[in-house]
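Asks: Structure of the sequence below:
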Amino acid sequence: MQTKSEEIKGYIERITFQSEETGFTVARLKESGKRDLTVVVGTMSSIQEGEVVVCQGFWKSDKNFGWQFQVTDYQVELPSTIAGIQKYLGSGMIKGIGSVFAERIVQYFGKDTLKIIDESPDELIEVDGIGKKRVSTIKMHWKEQRAIRNLMMFLQAQSISPMYAHKIYKRYGDESISRIQANPYHLSKDIYGIGFKTADQIAQKLGILKDADERIDAGVEFVLFELSNRGHTCYPIPEFLEASRKLLEVERDKIEKRLTEIQLNYRIFIDTLGGEEEFIWLMGIYNAEKGIVNTIKKLLSAPPSFAVKNLPQTLHTVQRQLLIELAAQQKTAVEQSLTKKMQIITGGPGTGKSTITKVILAIAKQYTSKILLAAPTGRAAKRLSQVTGYQAQTIHSLLEFDFSINGFKRNSTNPLNAELIIVDEASMIDTLLMFNLLKAIPYNAHVVFVGDIDQLPSVGAGNVLRDFIFSKTLPITRLTEIFRQAASSKIITSAHKINHGMMPNLAIEKESDFFFIEEDDVEKINLLIRDLVNHRLPKRYGFDAFHDIQVLSPMKRGVIGTHQLNETLQKTLNPSFDPLQKYGRRFHEKDKVMQMVNNYDKNVFNGDVGRIVSINREDDEMRVKFDNQVVTYDFSELDQLVLAYAVSVHKYQGSECPCIVMPIHTTHFNLLFKNLLYTGMTRGKKLVIIVGTKKALAIAIKNNRVSKRHTGLKHVLMGEMGNGEPVELGLFGKKVKILDWKTEIGAAVSH
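Replies: Numbering: from 1, shown residues only. Predicted structure coming up:
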């Protein structure tokens, strides 16, 4: 039974536990005149070690931990004792002051320390080891800390997690509280990790009505943003209204009435896709789809910068020089790439896409030195460089992001200096990135997109490569023949069987590069994967557990989801007794991590994998090495990173690894798709091991349904550029129809 409210006062000796998500805290309080420390518990997100707190609450007895003081309200005061001040400064709450400098500063200034930092911080330079740069850092973060503390208290009063306070302050500065009070819904657009529901919770506390215009407008844009995160560039109006109604809990007619006003403000667009049904877009994505088509039209209508003379003889000569013999489909792809302004080459593993690229480059370099190669990810670009011998870049690097304009430097007014551009892994390019890429390409250049249409689509909104192909308006070569060397790989033959809806040969072959290990118990699968990664594969094949092996899983949750597998593998491969806990995650030095969002400032992008180099608690910084660059993260930015011992198949698209280990089980039922299994398998270069059940494997292979993405690009292409007939492709003057749309692709991939 709760007793009457009491008040206690003391300084925080140590914080035993503090949840960044909820602010729930367990701390030890040193009360004046008491020898033993008092255990205080409650929501106290803003407290720091060394601070003096006045707590209101009541005593209670916990059966496991004894007597505790349950805090219902509290006020914070700055510490006044030497011990308290040193504890306070050494807690890491002020960047630039850790435990070492805290001790030096307090020894030098004594009880006047906090007054010095507050009123005359330049005097800190008198302390041994503190230079001008550190003084500047301390001054900035002392000011920030006070503002962030006030922001934390404000968020806590709205029952909102204080974990976002640093991010909000970084975006809004000293205006943070006033900006939130003016329109809390901007948080869901401006702050990564804050969704509509969190912003709405603040709005409700501030008295904004459920049917207020600003609430409905924010809800409409949030629903469209969430749909774009699921891959849709547009969405049918009836289904969209129902989703908005569920989110906002207001009548549909009120939402419909606001759509007209929002469209007048150029934030959304509503149109049909050739039929009677209306669709809705975010304006930026609508403009991107229209822009893609307009740019392609200009590109195709402009004369090329160079023309290859006597192409048949040139191709024959290059084949002899490279000691290769191209198949008919490959010759067609080369010819189209050098005679047409835009060419799409699609095919599975082992069908010769890399060989075609090398031949195109060998011929083109005789006519131009202005050749650019690109891919969506760093790893894909690196692989393209290794295969071709030419320098390749990520598309983001190629386009040169500029913070002063919040966009790419390379565009229609400042195009790329190129006459031939080859882009690999084109299935990964989403609508917005494709628009930005195309408008930066000179109209006189040849453009070649290479990709595998049967892989998973882009993580971002759109299904661009599929829309290009299914519009039947652009020159396309589909490669279907597996070549002899590739046919000896069980990875490749099994992947193609899966792609055609057939069960691969699961019999154990000693020297094979593909193995299936049958196990039904998910706990045993988890432990089996741990044993494979930590012991069996390194011992048998010499693989490095961090660099040469990647675990892929179809889902995040569950015993064999990425979360649990990461926890298991982190404990096994890289244990630590001093982890950094942020945003509900544990980070250890040397951990394998993945970037989850594009960060142009740091030049790291969604899906990039790196290793933690160092964790600096003194300066609240973590350094991560991605390929050839080391990136510094402030602790407030660590929600951009997750452990990457195990990652989703989607996130690993465009990357390759010597060895792939992938669980597949009926507990993954909702994610057992053929293209997901196919994509995961084709990430392995030397070895692929699937652990799970034959039943789950069979379900995935038979499930040729592709998750439908609503897009407008195919419709616009067909309306603007053609009559929907298959493109006739020439082979040295002969008309050759190389793609039978009805029989070869058919309904297996519906759109």
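Asks: Looks to me like Glu7 is in a helix.
Replies: No - the assignment for Glu7, made by DSSP: H, G, I helix; E, B strand; the rest coil, is strand rather than a helix.
Asks: burial count for the closest residue to it other than its chain neighbours?
Replies: Distance criterion CB to CB, 6 or more residues apart in numbering; nearest residue to Glu7, sequence neighbours excluded, is Gln56 at 5.4 Å. From N, CA and C alone the C-beta is placed, and that goes for glycine too. A count of nearby residues for Gln56, using other CB atoms under 10 Å, gives 15.
Asks: Enumerate every residue touching Gln56.
Replies: Residues in contact with Gln56 (CB atoms under 8 Å, 6 or more residues apart in numbering) are Ser5, Glu6, Glu7, Val71, Thr72, Asp73, Tyr74.
Asks: Show the residue spans covered by the strands in the stretch 251-400 of the chain.
Replies: Listed in chain order, the strands of the stretch 251-400 of the chain (DSSP state E, counting those that start in this stretch) span 268-272, 278-282, 342-347, 371-375, 392-394.
Asks: Let me know which of the ones you listed is tucked in deepest.
Replies: Ranked by mean neighbour count under mean count of other CB atoms under 10 Å, the strands of the stretch 251-400 of the chain are led by strand 342-347, which reaches a mean of 25.
Asks: so which of the strands of the stretch 251-400 of the chain comes closest to Gly460?
Replies: strand 278-282 (12.6 Å; CB to CB).
Asks: Phi and psi next, for the spatially closest residue to Met681 that is not a sequence neighbour.
Replies: Leaving aside its sequence neighbours, Met681 sits nearest to Ala495 (CB to CB, 6+ apart; 4.7 Å). In this entry, Ala495 is assigned phi and psi values of phi -60, psi -40 (degrees, to the nearest 10).
Asks: Let's have the contacts of Gln56 in CSV, adding neighbour count and distance to Gly231.
Replies: As requested, the contacts of Gln56 are exported to CSV (neighbours: other CB atoms under 10 Å; distance: CB to CB, whole Å):
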residue, neighbour count, distance to Gly231
Ser5, 10, 53
Glu6, 11, 56
Glu7, 12, 55
Val71, 21, 46
Thr72, 12, 46
Asp73, 13, 46
Tyr74, 20, 46
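Asks: Closest one of those to Gln550?
Replies: Distances from Gln550 to the contacts of Gln56, taken by CB to CB, are shortest for Val71, at 45.6 Å.
Asks: Once you drop chain neighbours, what's closest to that closest one?
Replies: That would be Gly42: by CB to CB, 6+ apart, it lies 3.2 Å from Val71.
Asks: just to revisit the earlier point, out of the strands of the stretch 251-400 of the chain, the one nearest Phe449 is which?
Replies: strand 342-347 (4.9 Å).
Asks: Show me what the closest one is in contact with.
Replies: Against strand 342-347 from outside (CB under 8 Å, 6+ apart): 296, 299-300, 333, 336-337, 353, 356, 426, 446-453, 465, 468-469, 474-480.
Asks: The residues you listed in helices, which ones?
Replies: Ile296, Leu299, Leu300, Ala333, Gln336, Ser337, Lys353, Ile356, Leu465, Phe468, Ile469 (DSSP state H).
Asks: Now for Glu276, how many residues are close by?
Replies: Neighbour count of Glu276, defined by other CB under 10 Å: 6.
Asks: got the contact list for it?
Replies: Applying CB under 8 Å, 6+ apart, no residues contact Glu276.
Asks: How many residues are close by the residue nearest to Met681?
Replies: 27.
Asks: Let me know whether it touches Asp452 as I believe.
Replies: No - applying CB atoms under 8 Å as the test, Ala495 and Asp452 come out as separate, 10.0 Å apart.
Asks: if I read this right, Phe279 contacts Ile268, doesn't it?
Replies: No - applying CB under 8 Å, one finds Phe279 not in contact with Ile268, separated by 10.7 Å.
Asks: In which helix or strand does the residue nearest to Val71 reside?
Replies: Element membership of Gly42 [criterion: DSSP states H and E] is strand 38-43.
Asks: list the buried ones in that strand?
Replies: Thr38, Val39, Val40, Val41, Gly42, Thr43 (16 or more other CB atoms under 10 Å).
Asks: re the thing from before, quick check: the residue nearest to Met681 vs Val688, distance?
Replies: From Ala495 across to Val688, the span is 9 Å (CB to CB, to the nearest Å).
Asks: Ok, Ser176 next?
Replies: On the measure of CB to CB, Ser176 and Val688 end up 49 Å apart.
Asks: Look at these two and report which has more neighbours.
Replies: Remark: of Ser176 and Val688, Val688 carries more neighbours, 26 against 21, as counted by other CB under 10 Å.
Asks: what's near enough to touch the nearest residue to Arg245 once chain neighbours are set aside?
Replies: Leaving out its chain neighbours, the residue that sits closest to Arg245 by CB to CB, 6+ apart is Arg252, at 5.1 Å. Listed by CB under 8 Å, 6+ apart, the contact set of Arg252 reads Leu241, Glu242, Ser244, Arg245.
Asks: Quickly name whichever of the residues you listed is closest to Leu697.
Replies: For the contacts of Arg252, the closest approach to Leu697 (CB to CB) belongs to Glu242, at 35.9 Å.
Asks: Looking at the nearest residue to that closest one once chain neighbours are set aside now. What's its pLDDT?
Replies: Nearest residue to Glu242, sequence neighbours excluded (CB to CB, 6+ apart): Arg252, at 7.5 Å. Arg252 carries a pLDDT value of 93.
Asks: now swap in the one 4 residues further on and tell me
Replies: The predicted local distance difference test score for Glu256 is 93.
Asks: Make 255 the first number, not 1, from now on.
Replies: Let's use 255 as the start, then, which means that last one is Glu510.
Asks: State the distance from it to Arg469.
Replies: 15 Å.
Asks: The two: which is more packed in?
Replies: Set side by side, Glu510 and Arg469 show more neighbours around Arg469, with 23 against 12, by other CB under 10 Å.
Asks: Pairing partners for Ser868 in the sheet, please.
Replies: Arg877 (DSSP bridges).
Asks: Just give me the neighbour total for it.
Replies: 13.
Asks: show me the contacts for it.
Replies: Glu843, Met876, Arg877.
Asks: And Gln340, by the same measure?
Replies: Taking CB under 8 Å, 6+ apart as the test, what Gln340 contacts is Gly304, Ala356, Glu357, Val360.
Asks: and these, which of them are in helices?
Replies: Ala356, Glu357, Val360.
Asks: quick one: contacts for the second one?
Replies: Contacts were defined as CB under 8 Å, 6+ apart; by that measure Glu357 touches Gln340, Gly344.
Asks: for Leu892, same thing?
Replies: Leu834, Lys836, Tyr837, Arg839, Phe841, Met876.
Asks: mind checking pLDDT for the second one?
Replies: Lys836 is assigned 80 on the pLDDT scale.
Asks: Need the three-state assignment for the residue lying closest to it once chain neighbours are set aside.
Replies: Closest residue to Lys836 apart from its sequence neighbours, by CB to CB, 6+ apart: Leu892 at 4.4 Å. At Leu892 the chain is in helix, as set by three-state DSSP.
Asks: Could you give the average pLDDT over the helix or strand hosting Gln340?
Replies: In the assignment (DSSP H and E), Gln340 maps to helix 336-343. Across helix 336-343, pLDDT averages out at 82.
Asks: That one: how far from the chain's middle?
Replies: Averaging C-alpha positions (CA atoms, centre = their mean, to the nearest Å) puts helix 336-343 40 Å from its chain's average.
Asks: List the buried residues of that helix.
Replies: Quick answer for helix 336-343 (16+ other CB under 10 Å): Gly338, Ile339, Gln340, Lys341, Tyr342, Leu343.
Asks: Please name the residues that touch the fifth one.
Replies: In this case it means Tyr342. Gln302, Glu303, Gly304, Glu305, Leu332, Pro333, Ala356, Leu368 are the contacts of Tyr342 under CB under 8 Å, 6+ apart.
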